[in-house]
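Chemist: here is a sequence with its predicted model. Questions after.
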Amino acid sequence: MNEIEKSKEEIAITIRAYNQKGWSPATSTNYSFRTIMDDETIYVSRSGVDKSLFTATDFITVNRIGNPIGKDVEAVPSAETLIHCILYDLFPETGVILHSHSVYPVLISHKFENNVDFEGYEIQKGFAGQTTHDSKISIPIFDNSQDMDEFSTLLIENKQRLLNHSFIMRKHGTYAWGKTLFEAKRHLETLEYLCQVEWMKKND
């Protein structure tokens, strides 16, 4: 099995596992990866697929601006594919991008305006670059938009706020990314945990 097929299989397993957590209801969410050998090609999850049944064959290929290529040239990728393209451009070291529609970040996005801050939690060290719990970290919250060009511009303008490899879309979900699947999972799961704790703390 080559590197691309191996990545498809591993990310498909992750997608199904996240569906079991309730993070991708009603065919929602999208995921992508690219390889060091060919960073011009992005492999993105096919739109409208039941994530509990997602397999390695449910990835399509797009170019750096989100247009389907190769055997998938007639496919219709998710409208949010452009978000993936922009994140790869902003952070060239990125190899995997994960997306979640879980409950707690959506609830958090109701309570906070421009960002949510976390301080003193050991798991903050799950974000690459964080070496101590004894600090405050900030995760940006952006208003949801159906205009992906507009949202992509927003990400570009706020690159310096994306220090912790993730963000929340208001009333929508989260995006997280990393150099590898392992790192992207760590970033997403760290944010998910912190959002759950923060919500429960504010509502106990």
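Modeler: Yes, it's here.

Chemist: tell me where this structure has strands.
Modeler: Per DSSP state E, the chain carries strands over the ranges 32-33, 42-45, 59-62, 96-100, 115-119, 136-142, 166-169, 173-178.

Chemist: now for the lengthiest helix in the chain, which elements pack on it?
Modeler: Assignment by DSSP state H gives helix 181-202 as the longest helix of the chain. Contacting helix 181-202 under the criterion 3 or more Cβ pairs under 8 Å, 6 or more residues apart in numbering; DSSP states H and E are the following elements: helix 3-20, strand 96-100, helix 103-111, strand 115-119, strand 166-169, strand 173-178. All C-beta spots, glycine's among them, are computed from the backbone N, C-alpha and C.

Chemist: in JSON lines: those, plus distance to Phe33.
Modeler: Output for the helices and strands packed on helix 181-202, formatted as JSON lines (distance: least, Cβ to Cβ, whole Å):
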{"stretch": "helix 3-20", "distance to Phe33": "5"}
{"stretch": "strand 96-100", "distance to Phe33": "5"}
{"stretch": "helix 103-111", "distance to Phe33": "22"}
{"stretch": "strand 115-119", "distance to Phe33": "27"}
{"stretch": "strand 166-169", "distance to Phe33": "16"}
{"stretch": "strand 173-178", "distance to Phe33": "10"}
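
Chemist: and those: which comes nearest Lys202?
Modeler: helix 103-111 (6.8 Å; Cβ to Cβ).

Chemist: which other helices and strands contact that closest one?
Modeler: Judged by 3+ Cβ pairs under 8 Å, 6+ apart, the packing partners of helix 103-111 are strand 166-169, strand 173-178, helix 181-202.

Chemist: on that earlier part again, distance to Gln196 for the strands of the chain - can I get that in JSON lines?
Modeler: Formatted as JSON lines, the strands of the chain follow (distance: least, Cβ to Cβ, whole Å):
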{"stretch": "strand 32-33", "distance to Gln196": "25"}
{"stretch": "strand 42-45", "distance to Gln196": "24"}
{"stretch": "strand 59-62", "distance to Gln196": "29"}
{"stretch": "strand 96-100", "distance to Gln196": "12"}
{"stretch": "strand 115-119", "distance to Gln196": "11"}
{"stretch": "strand 136-142", "distance to Gln196": "13"}
{"stretch": "strand 166-169", "distance to Gln196": "13"}
{"stretch": "strand 173-178", "distance to Gln196": "12"}
